[in-house]
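1. Using only what follows, build the 3D model:
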Amino acid sequence: MSSRKVRVLAVGDPAVEVYADKNYKILNGWKKDNDIDIDFNIVPWESYYDTMMEDFKSQKPNYDIVMVAGHFWLRDFVENKFISPIDEYVNLFPKDYDYEDILPIIREEMKLDGHQYLLPSFCDGHMVLYRKSIVKEVLGHLPKECITIDELIQMVEKVDGFQGLRGIALKAHVSEILTDFLPYLRNEGIDLFHEDCTPSFYNDKGIKALNKYIALRKYAPADTNEFGNAEIKYQIQHKKVVFAITWGGQLGVVLNEQCKELEDIGFATLDKPWNVTWSFALNNNSKNKEEAIRFLAYLTSKDIDKLVGSYAGSPVRKSTYLDERERSKCPWYDAHLEMVEKYAKPLPSLKGSGEILGILYEYISKAFNHELSAEEALKTAHEKIMQCGR
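-> All right, here's what the predicted structure looks like:
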C-alpha cells in the first residue's frame with residue numbers, strides 16, 4: 001500500500017454518498033490506477049462547518065481537500081487564506097479534462113477576483129416536486145414549468161388535506177431554514193443583502209416574506225420545523241405531502257425506485273430560486289497539493305459527472321445534460337438546467353459569511369417557531385449583523 005495519501009473532508013449530503021458508494025466504484029477506480037491512497041471522510045452537515053474551520057486553523061491539518069458551498073463561502077475563505085488558488089496547477093489536468101464543458105455560470109462561481117479556487121461537484125438549487133394526479137384533480141391543471149412563490153402558496157392552500165395529504169413539506173430545520181426561506185424573500189423583490197453586502201431584509205417586504213413562509217406551516221406536517229433533506233425525502237417518497245421544495249442535488253436520491261408512484265411526481269422551477277455549487281478546494285495548509293489536484297481532476301471529470309448526475313440529480317457539465325442516455329434516466333434535467341442557467345441568482349460574496357449567516361439561520365428559525373414575531377426576528381438579526389466585525 002502506498003505511503004502517500006490524499007485526505008478529503010466531504011459534507012454529509014446524500015449527493016456526496018455517490019463518491020463512497022462501492023457500487024459506483026469511484027474511489028476504487030482511482031486507487032486501481034494510481035499510487036496514492038484516498039481518505040474520504042464524510043461529516044454530517046450539522047457539524048461540517050465547525051469541523052472544517054477547526055482544520056483550517058490547525059497547524060497540522062487533517063485534510064488536503066475540503067468541500068465548499070461555492071460562492072456562499074468563497075470570499076470569506078479566500079480572504080482568510082483558508083484555501084489556495086488552483087490556477088498554478090491546471091497544467092496537471094489531463095488533456096481530455098475539458099474545463100470548458102462545465103456550465104459557464106458554474107465556471108464563474110469557481111472564481112473570485114480573476115483567480116480560480118474551486119472545482120465543482122454538484123449543484124443545490126431550489127426545485128419544486130408535486131403529485132401530478134392530486135394537483136390535476138383539485139386544480140384542473142398542472143403547474144407551469146416555472147412558478148412564483150405566490151402561485152405555490154395558492155396551490156398548497158387548495159390541495160391541503162386532499163386524500164389525507166398535507167399541502168407542503170418545508171425544510172425548516174434550523175440548519176436549513178435560511179435557504180428554504182430565501183425564495184419567499186426574493187418573491188417580494190428584495191434579497192438578504194445589497195450588492196455592497198449590507199443587510200437588505202429588515203423592512204416591510206422582508207417582514208411580509210417571512211410571515212408568508214411562517215403561514216405555510218399550517219399546511220405542513222406538525223414537525224416540519226425538524227425537516228432536513230432526509231425528512232423531505234421521506235415525505236415525498238411515502239406520499240405524505242402534495243408539494244415540497246428540495247435541492248436539485250437531492251432529486252436523484254428522492255426520485256428512485258423507493259418512491260411510491262414515481263411516475264406521478266412532477267417537477268417545476270421557481271422563478272426566483274437560489275443555487276449554489278458544492279465544490280472542492282485545496283486546504284491552504286496542505287502539503288500534498290499536487291497529488292490532491294490530480295485526484296480532483298479525476299473526481300470532477302466527464303465520466304464521474306455522469307455518475308454524480310444520475311445518483312444526485314444535479315450534474316455540472318454540459319455533456320451530461322446533453323447525453324440522451326442520462327436524460328432518459330433523469331427526466332428533470334431540462335427543468336434543472338433551466339433553473340441553473342436562467343433563473344438562479346447567487347448571493348453577494350460575503351466576508352465573515354459564517355457568522356453573518358449563522359445569525360440569520362437562528363433568528364428566522366425563532367420566528368418560524370413563534371418565539372419571536374417576524375419583525376422582531378429580522379430586526380434583531382439586522383442589528384447583530386451590523387455589529388459583526390466591529
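2. Would you map the strands across this structure?
-> Along the chain, counting by DSSP state E, strands occupy 5-12, 37-44, 65-69, 83-84, 111-112, 115-116, 119-131, 146-147, 166-169, 241-247, 265-270, 275-283.
3. Let's have those in TSV, adding mean pLDDT.
-> Listed next are these as TSV, based on pLDDT from 0 to 100:
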stretch	mean pLDDT
strand 5-12	96
strand 37-44	95
strand 65-69	97
strand 83-84	96
strand 111-112	95
strand 115-116	96
strand 119-131	96
strand 146-147	96
strand 166-169	98
strand 241-247	97
strand 265-270	94
strand 275-283	97
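4. pLDDT below threshold where in this structure?
-> For the chain, the stretches with pLDDT under 70 are 1-3, 389-390.
5. swap the cut-off to 50 and go again
-> 1-2, 390 (pLDDT under 50).
6. Please identify the buried residues of the biggest helix by length in it?
-> The longest helix of the chain (DSSP state H) is helix 353-368. Using 16 or more other CB atoms under 10 Å as the test for burial, helix 353-368 gives 353-354, 356-357, 359-368. Where you see a C-beta, it was placed from the backbone N, CA and C, and this is true even at glycine.
7. Using CSV, list the CA coordinates for it.
-> Taking Å, rounded to 0.1, in the frame of the first residue of the first chain, the C-alpha atoms of helix 353-368 are listed here in CSV:
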residue,chain,number,x,y,z
SER,A,353,-20.2,34.7,5.9
GLY,A,354,-20.2,32.0,8.6
GLU,A,355,-21.0,34.4,11.5
ILE,A,356,-23.4,36.5,9.5
LEU,A,357,-25.4,33.7,8.0
GLY,A,358,-25.5,31.9,11.3
ILE,A,359,-27.4,34.8,12.8
LEU,A,360,-30.0,34.6,10.1
TYR,A,361,-30.5,30.9,10.5
GLU,A,362,-31.0,31.4,14.2
TYR,A,363,-33.5,34.3,14.1
ILE,A,364,-35.5,33.1,11.1
SER,A,365,-35.9,29.8,13.0
LYS,A,366,-37.1,31.7,16.1
ALA,A,367,-39.8,33.4,14.1
PHE,A,368,-40.9,30.2,12.4
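8. Packing partners of it?
-> helix 70-79, helix 177-187, helix 204-215, helix 374-387 (3 or more CB pairs under 8 Å, 6 or more residues apart in numbering; DSSP states H and E).
9. Minimum distance to Thr320: which of the strands of the chain has it?
-> strand 119-131 (10.8 Å; CB to CB).
10. Give me the sheet partners of that closest one and which way each runs.
-> Next to strand 119-131 in the sheet, as set by DSSP bridges, lie strand 241-247 (antiparallel), strand 265-270 (antiparallel), strand 275-283 (antiparallel).
11. residues in contact with the residue nearest the centre of the chain?
-> By CA atoms, centre = their mean, the chain has its centre lying nearest to Asp124, at 2.8 Å. Contact partners of Asp124, counting by CB atoms under 8 Å, 6 or more residues apart in numbering, are Asp13, Ala15, Ala69, Trp247, Gly248, Gly249, Gln250, Asn275, Val276, Thr277, Trp278, Ser314.
12. would JSON lines of the strands of the chain with distance to Glu188 be doable?
-> Supplementary listing: the strands of the chain in JSON lines, determined by distance: least, CB to CB, whole Å:
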{"stretch": "strand 5-12", "distance to Glu188": "30"}
{"stretch": "strand 37-44", "distance to Glu188": "33"}
{"stretch": "strand 65-69", "distance to Glu188": "24"}
{"stretch": "strand 83-84", "distance to Glu188": "34"}
{"stretch": "strand 111-112", "distance to Glu188": "29"}
{"stretch": "strand 115-116", "distance to Glu188": "35"}
{"stretch": "strand 119-131", "distance to Glu188": "16"}
{"stretch": "strand 146-147", "distance to Glu188": "16"}
{"stretch": "strand 166-169", "distance to Glu188": "19"}
{"stretch": "strand 241-247", "distance to Glu188": "17"}
{"stretch": "strand 265-270", "distance to Glu188": "13"}
{"stretch": "strand 275-283", "distance to Glu188": "19"}
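13. Which one of the ones you listed lies nearest to Ala297?
-> Set against Ala297 and scored by CB to CB, the strands of the chain come closest in strand 119-131, at 7.9 Å.
14. How far does the closest one sit from its chain's centre?
-> A distance of 6 Å separates the centroid of the chain from that of strand 119-131, by CA atoms, centre = their mean, to the nearest Å.
15. Stretch 365-379 too?
-> 24 Å.
16. Could you tell me which residues within it count as buried?
-> Going by 16+ other CB under 10 Å, stretch 365-379 has these buried residues: Ser365, Lys366, Ala367, Phe368, Leu372, Ala374, Glu375, Ala377, Leu378, Lys379.
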